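Engineer: Kindly generate the corresponding structure for this input.
(chains A, B, C, D and E)
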Amino acid sequence: MDLASIIGILLAFGLILGAILTAPGASLSAFVDYPSIMVVVGGAIAAAMMCFPLKRIIGTPMVTKKVFLNKPENVPKLIEQLVSLAETARRDGLLALESRLDDIDNQFVALGIQMAVDGTRPEVVEDIMRTEMDAVATRHRDGKAVLDQLGRFAPAFGMIGTLMGLIIMLGNMSDPSSIGAGMAVALITTLYGAIVSNAIFLPFAEKLGFINKQELLSMEIIVRGVMAIQSGENPRVIEQKLNTFVPPKQRPKDKEAA
Amino acid sequence: MDLASIIGILLAFGLILGAILTAPGASLSAFVDYPSIMVVVGGAIAAAMMCFPLKRIIGTPMVTKKVFLNKPENVPKLIEQLVSLAETARRDGLLALESRLDDIDNQFVALGIQMAVDGTRPEVVEDIMRTEMDAVATRHRDGKAVLDQLGRFAPAFGMIGTLMGLIIMLGNMSDPSSIGAGMAVALITTLYGAIVSNAIFLPFAEKLGFINKQELLSMEIIVRGVMAIQSGENPRVIEQKLNTFVPPKQRPKDKEAA
Amino acid sequence: MDLASIIGILLAFGLILGAILTAPGASLSAFVDYPSIMVVVGGAIAAAMMCFPLKRIIGTPMVTKKVFLNKPENVPKLIEQLVSLAETARRDGLLALESRLDDIDNQFVALGIQMAVDGTRPEVVEDIMRTEMDAVATRHRDGKAVLDQLGRFAPAFGMIGTLMGLIIMLGNMSDPSSIGAGMAVALITTLYGAIVSNAIFLPFAEKLGFINKQELLSMEIIVRGVMAIQSGENPRVIEQKLNTFVPPKQRPKDKEAA
Amino acid sequence: MDLASIIGILLAFGLILGAILTAPGASLSAFVDYPSIMVVVGGAIAAAMMCFPLKRIIGTPMVTKKVFLNKPENVPKLIEQLVSLAETARRDGLLALESRLDDIDNQFVALGIQMAVDGTRPEVVEDIMRTEMDAVATRHRDGKAVLDQLGRFAPAFGMIGTLMGLIIMLGNMSDPSSIGAGMAVALITTLYGAIVSNAIFLPFAEKLGFINKQELLSMEIIVRGVMAIQSGENPRVIEQKLNTFVPPKQRPKDKEAA
Amino acid sequence: MDLASIIGILLAFGLILGAILTAPGASLSAFVDYPSIMVVVGGAIAAAMMCFPLKRIIGTPMVTKKVFLNKPENVPKLIEQLVSLAETARRDGLLALESRLDDIDNQFVALGIQMAVDGTRPEVVEDIMRTEMDAVATRHRDGKAVLDQLGRFAPAFGMIGTLMGLIIMLGNMSDPSSIGAGMAVALITTLYGAIVSNAIFLPFAEKLGFINKQELLSMEIIVRGVMAIQSGENPRVIEQKLNTFVPPKQRPKDKEAA
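Structural biologist: Residues are numbered from 1 along each chain as shown, chains lettered A, B, ... in the order given. Below you'll find the predicted structure:
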């Protein structure tokens, strides 16, 4: 669960709703206009479809789920596990790791250890793990790119909707008293464009970029750990090396290691 | 057929048309103004002509067709074919590939295999294939650059048209009741600029950039495959190497390969 | 104390307040609207929460304190101290530095010297010090990134607030005399967005970036100094080397050194 | 003659003029205001003068002529000539090239061949030719930079002019009927800024950047050709090497070469 | 004297003044509002103070003087002098340069030659000269950065001022006849922001960046020249090498050199 994303989106929409409900003379119904939502959100999605292949557009909701469900890897604990696996491998041989495979939650650690147990050559292990890393990075970057384009086109279609509304209103100015209402409706698409872009698409794209960087760091640590385990390095040295990826305060016991 | 581009452009214009037709008091005729289209689209094309040589401007529609007609290469199948060619070459010699040339759909694979069969030196084969790759990349980048400039200048000429309309209207304000209509006409060029830029030029430019990246990846795989076939490498090793370009899930049987 | 930040923020808000108080017909109360502050500042914080993990958002005020409390390292004096430590080490051995540890104010120098005294291997000393540098750089870059996003989203939520205000006002235009007042209220969120972005978030982000660069320079000098002390280099040579980081005018006596 | 530039600028201004002349109630005279032209164009030039040294500003019209008069090098013909020179040099010695110097149109080829005939050392020949290339690149980049700044400052001074016009008009609102006319005049500078920037300065800057890239490619081919001629390489090999710079379709006979 | 900067700033302000004075119904006094100047210029300076340390803000006027007083180095003459010094050094030894030190205007040449005469080791000479170069580059880059930020914040505070003016005016709309005057005053800060940014801060920043590049080029030539003199290279070779930094047309006699 990514608490910040959940609090953030509730807070953003809560503030907008609260401002509408507490404003004198305002009613929520004045802010709900389904055709306007269609033009802004539909238009942004249409533009994004022209930018990317269909498969990527369809995959975007799946990728976006990460914004809320992302559970960051506990890096110190991950290093601890790798070191413990290294100790087992050193003491009892690589094959002894097979019995520990069931305890490994992280699929990527399991993949690497499984290959090491199978006797796969180190170059092939590293190659396969790095290709998997690239695939994860590409999937995230793709998701981020779609959200970035949505965040760029939503305000544009908001402006398109407002211009259409203004042209309709100005062409029907026989009844001057209706100008205000017409203008209010015209502005709604600009408002929708600003809200979906700034309270949904753009922040989501930023978070995906952030999650991507974090996940790749964990995977880098795992690749180095598995390679070191396979080459039979000293568990203390492995721990010291992997800990350089962690800020000093989070390192369990780097004093002794030194 | 690029389904996403077709759905995207139909959706974008469908939403805009739908919004106009369902809006109370709106008529489609109020949104069609041929001189305004001339100023916005013509002006953007004029500016693009000043940016590039004539040949590129004329070639742009051809390149743009790719946005709709692009059929992405089936990469796993492509690798399969290259591996199968490698098997033939290994078993029966490079010359045996001649009989299989007719089965090869991909022109770029055919070019490489033909040269290998002809006994062209490997350096020359690679040089010619890479130059062809560069030419494809340049052609796409050129098409993308023209669309990017069109997407940048269309809103600018939309604004120029609106300013001209406002100046004409404001200079004729003897009849205040006509202000609304004049303003409506003036805003149409801004609307056109926003629509052609955000629903056509900019998304098309993005798609071309995307197609370019994909096509170059396939060509890179082909170059490596042909070079490996010519040097008589083991088909299993070739398969394993080429598969590193494919995300694990799409790899047919990388487990065994390992 | 960063005098420039304090003078700058007092000057910016003083000028804004002064302009309001001296303007004929203006009252400060017309510029204070709590719901508007909530929408702009709360909305910007909500968007930033969607961009980053909770821990970073919570750490931002701590990092921001640096904008005011930052005391730049006195680099010439720092070099002088490192050279003096080098002299002691050269004359009386590394262990003699232990007695001088209490005089060292800079925690980072103390960390390095302590490790040198403890006989930690040079590679480990450098590795630990550089990781600490990276951690400091990351912490600052993180703080700057949050402020950058706040400075980007605050004007966006200011615009969202104004659009909501305009829609409410235009929908209630039965009483034309109230238009002015309604518009004034609507514009307040745009004003708040512009002020918090340009007088707080963006300049703070710039200053953090600047402080970060300065601090990393000092730390680089310290790492090089400690490494040179540990390897027992000639104090004159150490001085000459470290002084290349300082502009000539600030160097105490580079003529003689040459 | 760069046809695209000429058609482009005629089309852009033709469309603008046509729109004005065909609009009901519009007169060309309403769009001509000399003081406004002075503020926008003069202001942009003034700002550009503050950005660059006087010599560069004065040289800009000369560089800009290239936008219309540029005649792209015929690259396949250039390669043919270099190969023909290589054949002569191979058959009859470097000195035999002297008799062919008069046939060489391209000054840069002539410079290189002259030096080769004179027996200048190869390193010096390459050095002098590359410095000449750098000088050409710098001259073009300088011209582009001035046009880029003009294209950036013209809309800014257009806005400055409009703000001045609005302030004058609003300060004289005793006669409400004159508002429209005053506003029309005020908007003219914004219109001028948009036109000169988007229909002149920015497209010209893009074209100069494009011409620069093309010219440097030709010069690169010439440098490589001259160096190869001087070192007495086989004309066939020279042709094959230089043709890698040309897209396959434009290559005269690369099949045979292979 | 940088003539272009002086003509540029006089032209920009002359055009603005001229447009105001010749406009019918305009008076200069309508364009002078001291509180508005305070908000825009003071606000931009306040924001810049929050971005940088106090020392840099205070040094900005000194750096900005360069925009007007900069006298570009005469590069061909500089090279001539270095070659002449090289001839003396070659003929009569390095110590003979001491008698010529008084003739050297350029402080940076004098610094290098003095060190060479003093017998300073070449590495130290180069190190000191390069550090001086870095210091000059940093000082200029710092000045440019402050001006860039001023040019970015001035329009922002212009908009803040206008929003404040509009809110005050709209809140006092009891007297509709005063709207025009109130709006005129409100727009003045936007005008000031546009003028100081586009006619002062941004062009000045560009010029400083330009001067910096030129000055570093001269210093690079001097460093290479001094190093070559100290190592006793042939004056002809030194001339030929240094001239590669100059476009061919400005080279005095490169034909013979070849």
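Engineer: ok, and what's touching the strand or helix carrying residue A:179?
Structural biologist: According to DSSP states H and E, residue A:179 maps onto helix A:179-196. By Cβ atoms under 8 Å, 6 or more residues apart in numbering or on different chains, the surrounding residues in contact with helix A:179-196 are A:16, A:30-31, A:33, A:36-37, A:39-41, A:44, A:150, A:154-162, A:164-166, A:168-169, A:172-173, C:156, C:159-160, C:163-164, C:166-167, C:169-173. Yep, even glycine has a C-beta here, placed from its N, CA and C like the rest.
Engineer: who in the stretch 1-150 of chain A is up against chain C?
Structural biologist: Residues of the stretch 1-150 of chain A that fall close to chain C, judged by Cβ under 8 Å from any Cβ of the partner chain: A:2-5, A:7-9, A:11-12, A:15-16, A:18-20, A:22-23, A:25-26, A:30-31, A:67, A:72.
Engineer: If we use 7 Å, what do you get?
Structural biologist: For the stretch 1-150 of chain A, the residues in contact with chain C (Cβ under 7 Å from any Cβ of the partner chain) are A:3-5, A:7-9, A:11-12, A:15-16, A:19-20, A:22-23, A:25-26, A:30-31, A:72.
Engineer: follow-up on the earlier one: contacts with chain B among the contacts of helix A:179-196, please.
Structural biologist: By Cβ under 7 Å from any Cβ, the members of these lying near chain B are A:39, A:156-157, A:159-161, A:164, A:166, A:168, A:172-173.
Engineer: What is the lowest-pLDDT residue among those?
Structural biologist: Minimum pLDDT across those is recorded for residue A:173, with 69.
Engineer: returning to what we had before: and after the helix holding residue A:179, which helix or strand comes next?
Structural biologist: Next along the chain after helix A:179-196, taking DSSP H and E as the criterion, comes helix A:202-230.
Engineer: can that following helix be found next to chain B?
Structural biologist: No. Contact between helix A:202-230 and chain B is absent, the nearest approach being 13.2 Å (criterion: Cβ under 7 Å from any Cβ).
Engineer: Now do the helix or strand that that helix is followed by, average pLDDT.
Structural biologist: Downstream of helix A:202-230, the next assigned helix or strand under DSSP H and E is helix A:235-243. The pLDDT scores in helix A:235-243 average 84.
Engineer: Tabulate the CA atom coordinates of helix A:235-243 in PDB.
Structural biologist: In PDB, the C-alpha atoms belonging to helix A:235-243 read as follows (Å, rounded to 0.1, in the frame of the first residue of the first chain):
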ATOM      1  CA  PRO A 235      29.500 -13.600   3.200                       C
ATOM      2  CA  ARG A 236      31.100 -10.700   5.200                       C
ATOM      3  CA  VAL A 237      32.500  -9.200   2.000                       C
ATOM      4  CA  ILE A 238      29.100  -9.600   0.300                       C
ATOM      5  CA  GLU A 239      27.400  -7.800   3.100                       C
ATOM      6  CA  GLN A 240      29.900  -5.000   3.100                       C
ATOM      7  CA  LYS A 241      29.600  -4.600  -0.700                       C
ATOM      8  CA  LEU A 242      25.800  -4.600  -0.800                       C
ATOM      9  CA  ASN A 243      25.500  -2.200   2.100                       C
END
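Engineer: Tell me the buried residues in it?
Structural biologist: Neighbour counts over helix A:235-243 (16 or more other Cβ atoms under 10 Å in any protein chain shown) mark A:235, A:238-243 as buried.
Engineer: cool, stretch A:211-221 as well?
Structural biologist: A:211-212, A:215, A:218-219, A:221.
Engineer: I'd like those residues as TSV, with pLDDT appended.
Structural biologist: Formatted as TSV, these follow (pLDDT from 0 to 100):
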residue	pLDDT
A:211	89
A:212	89
A:215	89
A:218	91
A:219	92
A:221	91
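Engineer: Nothing else from me, thank you.
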